[in-house]
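1. Using only what follows, build the 3D model:
(one chain, ligands or ions: 2)
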Amino acid sequence: MAAEKTTQNKRVLEVKNLKLHYLTSQGAVKAVDDISFCLNKGETLGIVGESGCGKTTTAVALMMMPSPPGKIVGGQILIEGKDIVPLTETQIRKQIRWEKISMVFQGAMNCLTPVYTIGKQMMETLREHREMSKEEAIARIEKYLAYVGLSKEVLKRYPHELSGGMKQRIVIAMALFLEPKIVLCDEPTTALDVVVQAQIINLLKDLKQQLDLSFIFITHDLATEAEVSDRLMVMYGGKIAEIGTNEQLYGKQGPMHPYTQRLLKATPLLHEKVEELAFIPGRPPDLLKPPAGCKFHDRCNVVMDRCKVDEPDLQEVEPDHFVACWRCRES
Ligand SMILES: Nc1ncnc2c1ncn2[C@@H]1O[C@H](COP(=O)(O)OP(=O)(O)O)[C@@H](O)[C@H]1O
Ligand SMILES: [Mg+2]
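-> Ligands and ions are numbered 1, 2, ... in the order given. Model (predicted):
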């Protein structure tokens, strides 16, 4: 992939040729297959794509915590210029995970332990990672509760006594209280009702400013994505189909990859009136046996012969705008 020259010095994360495969008894499921992208300081990069395209797998790879039988089988993840892939699990745990990069997992608010108070869970998680006195830990927890808009009164509560929005705020506080600068959010509002979704989105935006964070924000909801992200990365079949700024993808020219074009058409933005919802016939590929050539070719309405045999790589079509499509190289 061509380098994004203008933003080189502002990168907080750089991913090069990353591959995470699930090594199942039937063969390798190539859930993340040779992807390269970067995250700039202070930005929110949205990752979108239909279910099963490798969004969550990308995030867990960045956290260096693939779920079995997943394995990182290639590539580099550079944080502050240093590749973390060769590090041991102990090094990752001590220096990287939660400390430099953290994640709000999909459905995490439902994983709070029902039998312990919020205070006990937060205290244990914090002191597992940091040696600090009880007083210091309490002060740190109260500081982060305030950041997420909760009073210290919640510390005495059990998870079932809290609303979904409050639980999600606690999970966000726990992702932040070791002070990482890179935060991955995987569908952080999906299980919440619309009003609470908006509150959580606003909270994340505020926290980004206040704490000087850089975000990767995963969702299948493009209306939310358009609101929070500075750039969008579209995944299809374990690959990157297109990356561009919001202005490029929502602006006059619009997206260039046929998949992005149809994805955006299928998801109207909140303020948009649409005559008829487009949908994309067919399903994303089985990543155990992906099709040859471009992974999207069997669903593409402008497919050419070449697309069925050769896989297009990601090419820069204008500054900061990358597309993996043979059709986009013609003209
Ligand atoms: N533990 C696993 N074992 C085998 N395959 C998996 C596992 N987890 C995810 N996959 C497969 O990896 C692909 C990408 O999944 P995922 O990253 O969850 O996609 P997304 O988050 O975009 O919905 C899918 O084909 C999924 O079936
Ligand atoms: Mg997912």
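2. So the residue of the stretch 201-331 of the chain found nearest ligand 1: helix, strand or coil?
-> The nearest approach of the stretch 201-331 of the chain to ligand 1 comes at Leu287, 4.3 Å away (C-beta to the nearest ligand atom). All C-beta spots, glycine's among them, are computed from the backbone N, C-alpha and C. Each residue gets one of three states, and Leu287 gets coil by DSSP: H, G, I helix; E, B strand; the rest coil.
3. for Leu45, same thing?
-> Per three-state DSSP, Leu45 ends up strand.
4. follow-up on the earlier one: where does the residue of the stretch 201-331 of the chain closest to ligand 1 land on pLDDT?
-> Per-residue confidence at Leu287 stands at 95 (pLDDT).
5. Could you do the one 10 residues further on as well?
-> The predicted structure scores His297 at 96 on the pLDDT scale.
6. which residues touch the closest residue to it other than its chain neighbours?
-> Nearest non-adjacent residue to His297, counting by C-beta to C-beta, 6 or more residues apart in numbering: Cys307, 4.3 Å away. Cys307 sits next to Gly293, Cys294, His297, Cys300, Trp326, Arg327 when contact means C-beta atoms under 8 Å, 6 or more residues apart in numbering.
7. Considering these, which possesses the most neighbours?
-> When neighbours are counted by other C-beta atoms under 10 Å, Cys294 leads the contacts of Cys307 with 28 neighbours.
8. Quick check: closest non-adjacent residue to that one.
-> Spatial nearest neighbour of Cys294, chain neighbours left out: Cys307 (4.5 Å); criterion: C-beta to C-beta, 6+ apart.
9. Next one: Met174 relative to Asn110, how far apart?
-> For Met174, the distance to Asn110 equals 14 Å [C-beta to C-beta, to the nearest Å].
10. Which one's more surrounded, those two?
-> The residue with more neighbours, out of Met174 and Asn110, is Met174; 22 against 14, by other C-beta under 10 Å.
11. quick one: the strands in the stretch 51-200 of the chain?
-> For the stretch 51-200 of the chain, strands defined by DSSP state E, counting those that start in this stretch occupy the ranges 70-79, 82-83, 101-104, 182-186.
12. tell me which parts of the stretch 201-331 of the chain are close to ligand 1?
-> Leu287 (C-beta under 6 Å from any ligand atom).
13. Could you give the bridge partners of whichever residue of the stretch 201-331 of the chain sits closest to ligand 2?
-> The nearest approach of the stretch 201-331 of the chain to ligand 2 comes at Ile218, 6.6 Å away (C-beta to the ion). Going by DSSP bridges, Ile218 is paired in beta bridges with Ile47, Asp186.
14. Verify the stated contact: it with Gly49.
-> No - using C-beta atoms under 8 Å as the test, Ile218 is too far from Gly49 to be in contact (9.0 Å).
15. Now do the shared contacts for these two.
-> Jointly contacting Ile218 and Gly49 under the rule C-beta under 8 Å, 6+ apart are Lys55.
16. Now for the closest residue to ligand 2 within the stretch 1-150 of the chain: which residues touch it?
-> The minimum distance from the stretch 1-150 of the chain to ligand 2, using C-beta to the ion, falls at Thr56 (3.2 Å). Taking C-beta under 8 Å, 6+ apart, we find Thr56 in contact with Gln106, Asp186, Ile218.
17. This completes my enquiry, with thanks.
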